[in-house]
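>>> What shape does this take:
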Amino acid sequence: MDDLKKDILKDVRRIQEEMDLLFDHFYKIRHSPVLIAKRLWRPPTDVFETEQQVVILVEIAGMKQKDLNVTLSDNVLVIRGDRQEKALAHKTFYRNMEINYGTFERNIYLPESIDPQNIRAEYRDGFLEIRLDKKEGKRSKSKEVRIQIE
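Numbering: from 1, shown residues only. All right, here's what the predicted structure looks like:
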């Protein structure tokens, strides 16, 4: 009886994989490559606070630093980027496609206690880490700040 259950599960998995491939193929036929390429995606992002800082961690593996843009305006941190799909020398048929490519934008609303003069951003090992120092009292007048990524 156990062998029968294993065979049934194996068949169900195979059918599920084939259905996934069919739906992926159908999606690609119905949507032009231009629309797929311009589709927005949202990289996973963690935001947390310590007593001295607000920290943002964004998972964006495979990107070049030059393709990232981080700005602070009012109390909104805007992270933009464009992850390009790697060009393959030969025709491919995907069995599974879960990695997102194209343009993304994340808007992170920050507390008013952020010091816009003390912001550090670092991109390493596929993660963008942004540390914003907190300050006491009222925040300074709002202006757009472009943040350099190290």
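>>> and the helix or strand residue 104 falls within, what other elements does it pack with?
Using DSSP states H and E, the element containing residue 104 is strand 102-109. Secondary-structure packing of strand 102-109 (3 or more C-beta pairs under 8 Å, 6 or more residues apart in numbering; DSSP states H and E): strand 45-49, strand 76-83. Bear in mind the C-beta positions are built from the backbone N, C-alpha and C, glycine included.
>>> any idea which helix or strand comes after the shortest one?
By that I understand strand 45-49. strand 53-59.
>>> Between strand 102-109 and that next one, find me the angle.
160 degrees (axes from the mean of the first three to the mean of the last three C-alpha atoms, to 10 degrees).
>>> So for strand 53-59, what gets flagged as buried?
53-54, 56, 58 (16 or more other C-beta atoms under 10 Å).
>>> follow-up on the earlier one: quick one: mean pLDDT for the strand holding residue 104?
Averaging pLDDT along strand 102-109 gives 90.
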